[in-house]
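J.: my questions concern the predicted model and sequence given below.
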2 protein chains.
Amino acid sequence: MARVFNFGAGPATLPEAVLTEAQRELLDFGGTGMSIIESSHRGKAYSAVHEEAVANYRQLLGLSAEYAVIFVAGGASMQFAMVPLNLLGEGHTADYVHTGAWAGKAIKEAKRVGAVHIAADTSEAVPARIPTPADLDLTPGAAYVHLTSNETIAGSQWKGFPDTDAPLVADMSSDILSRPFDVERFALIYAGAQKNLGPSGIALVVLRRDLAERASGSLPAMLRYATYVEHDSLYNTPPTFSIYLMMLYSRWTLKEGLAALHARNVEKAARLYAAIDGSDFYTGTVAKECRSDMNVTFRLPSDELEALFMREADAQGLTGLKGHRSVGGLRASLYNAFPSAGVDALVSFMKAFESRRG
Amino acid sequence: MARVFNFGAGPATLPEAVLTEAQRELLDFGGTGMSIIESSHRGKAYSAVHEEAVANYRQLLGLSAEYAVIFVAGGASMQFAMVPLNLLGEGHTADYVHTGAWAGKAIKEAKRVGAVHIAADTSEAVPARIPTPADLDLTPGAAYVHLTSNETIAGSQWKGFPDTDAPLVADMSSDILSRPFDVERFALIYAGAQKNLGPSGIALVVLRRDLAERASGSLPAMLRYATYVEHDSLYNTPPTFSIYLMMLYSRWTLKEGLAALHARNVEKAARLYAAIDGSDFYTGTVAKECRSDMNVTFRLPSDELEALFMREADAQGLTGLKGHRSVGGLRASLYNAFPSAGVDALVSFMKAFESRRG
């Protein structure tokens, strides 16, 4: 069977070249006579993979020596806890910007650890939107300010980031490496890998080295950023195959180029938003200036038509279009690896569906 | 290049059939038109994989409904923290049996959380050994008793397990599913997957459901066993591809049969120990009654000869024989998937090396 167009929000489409390469060398990595899955995390073969992954991210993000790049098992949900456990000392307050479901989860975990102030709340806004930097009510001397750069479920995205006195922390799970941005404005960035980076179950964390020292001595080793920074993510056995896939994906990202990918992402999303806006049958759910280039959310006139749309689309190889179970509707995720031809196919299908059912 | 014999302690040799199957369907899983890596963790294709993995472990371990099987990102090192965070309430004491490097790491993390009593300590014994059940000094009313069923670095292994009043917890990372045992004696078992189960970066945890309720409400969601039990390890996006590989490996384990694998493991290890004991050139490092069937540790007369042995063995496709950096010497790991022919090859090489260099 040919590859379908997978609009899923994550785990998501990977570049076919990454999968083909992984498949080719799955039983014999680089002439070692074994799979990279079987290779020691302290051996030469894996070490080269690990180092290349780190180097590629450093280059893609333009990181200075002040920043460390680490890999932590467990995805963004584990980071929702690790961020406050490491950075939110007793007697301090962390500012969180509440923009939707994912920010909400980060807030819930932070509240288990310490004092949280909601600097702005657009989580219930209809249409969905992101606050402007001027909307933020920030705590003087806050431990940090946390935002969610792209709300995967709502389909909203920060288009510019606030200047903050406190260290700025961002969950960039669903739009990291989709566009160039000024990393130096951030103290810590984390991203579950399963959208623009690789497989699920692992997070990329980029942090200013001085922040890794904030945690109390009683925090378990595997929950301390310092453990990962000091041991280059090799204190224990890391998820080696996941990091290998991330390395292959980062190599592809470098080859495509961040500026070119960004241009392509903007163009892909614009084409789909134009199809939505050009029809009375489809309705976008996000304020135009806050629309995500990664997750395009829209509705049809009824739940029945949405269910029918998904069934018929699926039969044509357009899969994963169901909106998150918490909000309903439709969602087309267009991450870096999602091919432009898939947008063409969806737009054509939308027109045909509307003319049949509209 | 042909596959080498990989004696590495973990990440370790996988069944070739597992790798071949993963390779075959890497770009198109079960006719879905996408890789299982790209497949939604809430979709039908992945759900079937997830459910089969759980069902296979339930069958292999003979679990009653009282027990849950969960997957936690992060390996055994994360469990060193999660066990006390969930089970060691304030004002209680946990008993730990200190048998070597891995028990030591578990103890270090538990001490960060609460009160720890060392029920026995053989960690410095020469030759290495495991305490007998009668040696244990257990705390009345202990929160739990923790042991390490197999010390991967020392090469020692519990041959029978103690009866304890308190819930018995075991790190079985390096010998789970290598032999039949009475699971009902344990309250919680955890195992990093990279020896007998699959890739690195994930742990299998088997626990009595009532224990999942012990944790305090302030523990972050991703660190609470209850989160995994209640959501069948799908509260957040799990490491889907890792669980897929574990499913394939568990399917292979079921096909081979636990009793047959155990017999093969005993026979493989006995053959290698016989070669060690039949020579004055090689010396075992573990008391005979405590020798591990998984990790066979031995020394040569000098560090120089050990280095030469490893170099020459490696050149003949016998790799990963270096002992852990903390103890030196040689170590041959003979997990379930390690082929019997590899033991033949090592024994032949040992004889030839001794006759050249002895």
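T.: Noted; the coordinates are in hand.

J.: buried residues in stretch A:91-104, which are they?
T.: A:H92, A:T93, A:A94, A:D95, A:Y96, A:V97, A:H98, A:T99, A:G100, A:W102, A:A103, A:G104 (16 or more other C-beta atoms under 10 Å in any protein chain shown). C-beta: built from backbone N, CA, C; applies to glycine.

J.: so which residues of chain A form strands?
T.: In chain A, the strands defined using DSSP state E lie at A:5-6, A:67-73, A:93-98, A:115-121, A:144-148, A:150-151, A:156-157, A:168-171, A:188-192, A:202-208, A:283-284, A:295-299, A:318-319, A:330-333.

J.: deepest of the ones you listed, which one?
T.: Highest mean neighbour count among those (mean count of other C-beta atoms under 10 Å in any protein chain shown): strand A:150-151, with a mean of 28.

J.: can you give the strand pairings for it, parallel or anti for each?
T.: Note on strand A:150-151: by DSSP bridges, its sheet partners are strand A:156-157 (antiparallel).

J.: pLDDT (mean, whole number) over the partner strand?
T.: Strand A:156-157 shows a mean pLDDT of 98.

J.: same question, stretch A:211-218
T.: The model assigns stretch A:211-218 a mean pLDDT of 90.

J.: can you get me the start-to-end distance on that stretch?
T.: Its first and final residues considered, stretch A:211-218 spans 17 Å by C-alpha to C-alpha, to the nearest Å.

J.: again, but for stretch A:186-204
T.: 14 Å.

J.: gap between it and the chain center?
T.: Relative to the chain's own centre, stretch A:186-204 is displaced by 6 Å; criterion: C-alpha atoms, centre = their mean, to the nearest Å.

J.: go on, stretch A:221-241?
T.: 21 Å.

J.: CA-only coordinates of that stretch, as CSV, when you get a sec.
T.: Extracted in CSV, the C-alpha atoms of stretch A:221-241 (Å, rounded to 0.1, in the frame of the first residue of the first chain):
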residue,chain,number,x,y,z
ALA,A,221,18.6,12.0,40.1
MET,A,222,16.4,11.3,37.1
LEU,A,223,14.3,14.3,37.8
ARG,A,224,17.2,16.8,38.0
TYR,A,225,18.2,18.7,34.9
ALA,A,226,21.8,18.8,36.3
THR,A,227,22.1,15.0,36.1
TYR,A,228,21.5,15.2,32.3
VAL,A,229,23.6,18.3,31.8
GLU,A,230,26.6,16.9,33.7
HIS,A,231,26.4,13.4,32.1
ASP,A,232,25.4,14.5,28.6
SER,A,233,22.1,12.6,29.0
LEU,A,234,24.1,9.4,29.7
TYR,A,235,23.9,9.1,33.4
ASN,A,236,21.7,6.1,32.9
THR,A,237,20.9,4.2,29.6
PRO,A,238,19.0,6.7,27.5
PRO,A,239,16.3,5.8,24.9
THR,A,240,19.1,5.1,22.4
PHE,A,241,16.9,4.1,19.4
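
J.: okay, buried residues for that stretch please.
T.: Those would be A:221-229, A:232-241, for stretch A:221-241 by 16+ other C-beta under 10 Å.

J.: the residues you listed in helices, which ones?
T.: A:Y225, A:A226, A:T227, A:Y228, A:V229, A:T240, A:F241 (DSSP state H).

J.: out of these, which two sit at the greatest distance?
T.: Farthest pair in these (C-beta to C-beta) is A:A226 and A:F241. Separation: 25.5 Å.

J.: residue contacts, A:I118?
T.: A:D95, A:Y96, A:V97, A:H98, A:I107 (C-beta atoms under 8 Å, 6 or more residues apart in numbering or on different chains).

J.: give me the beta-bridge partners of it?
T.: In beta-bridge terms (that is, DSSP bridges), A:I118 pairs with A:Y96.

J.: low-scoring pLDDT stretches of chain A, where are they?
T.: A:1 (pLDDT under 70).

J.: can you give me the helices in it?
T.: A:16-24, A:44-61, A:75-87, A:101-113, A:225-230, A:240-256, A:258-277, A:303-315, A:340-357.

J.: redo the strands of chain A as a markdown table? Include distance to A:P133.
T.: Formatted as a markdown table, these follow (distance: least, C-beta to C-beta, whole Å):
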| stretch | distance to A:P133 |
| --- | --- |
| strand A:5-6 | 35 |
| strand A:67-73 | 23 |
| strand A:93-98 | 10 |
| strand A:115-121 | 9 |
| strand A:144-148 | 10 |
| strand A:150-151 | 17 |
| strand A:156-157 | 14 |
| strand A:168-171 | 11 |
| strand A:188-192 | 18 |
| strand A:202-208 | 21 |
| strand A:283-284 | 23 |
| strand A:295-299 | 22 |
| strand A:318-319 | 37 |
| strand A:330-333 | 27 |
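
J.: so which residues on the stretch 101-250 of chain A come close to chain B?
T.: A:108-109, A:112-113, A:192, A:194, A:199-202, A:217-223, A:235-242, A:245 (C-beta under 8 Å from any C-beta of the partner chain).

J.: domains in chain A, by residue range?
T.: A:16-256, A:258-357 (automatic domain parsing).

J.: and those domains, which is most packed in?
T.: Most buried among those, counting by mean count of other C-beta under 10 Å: domain A:16-256, with a mean of 21.

J.: nearest to chain B among the contacts of A:I118?
T.: Chain B lies nearest to A:I107 out of the contacts of A:I118, by C-beta to the nearest C-beta, at 12.4 Å.

J.: if we can go back for a sec, let me have the ones in helices among the buried residues of stretch A:221-241 in TSV, extended by distance to B:T132.
T.: Formatted as TSV, the entries for those read as follows, by distance: C-beta to C-beta, whole Å:
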residue	distance to B:T132
A:Y225	42
A:A226	40
A:T227	35
A:Y228	39
A:V229	42
A:T240	37
A:F241	40
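
J.: for B:V126, state which of the residues you listed is nearest.
T.: A:T227 (30.6 Å).

J.: quick one: contacts for the closest one?
T.: A:A221, A:Y235.

J.: show me the beta-bridge partners of the nearest residue to A:Y228 once chain neighbours are set aside.
T.: Nearest residue to A:Y228 in three dimensions, chain neighbours excluded: A:I70, at 3.9 Å (C-beta to C-beta, 6 or more residues apart in numbering or on different chains). In this entry, A:I70 is beta-bridged to A:V205, by DSSP bridges.

J.: much appreciated, bye for now.
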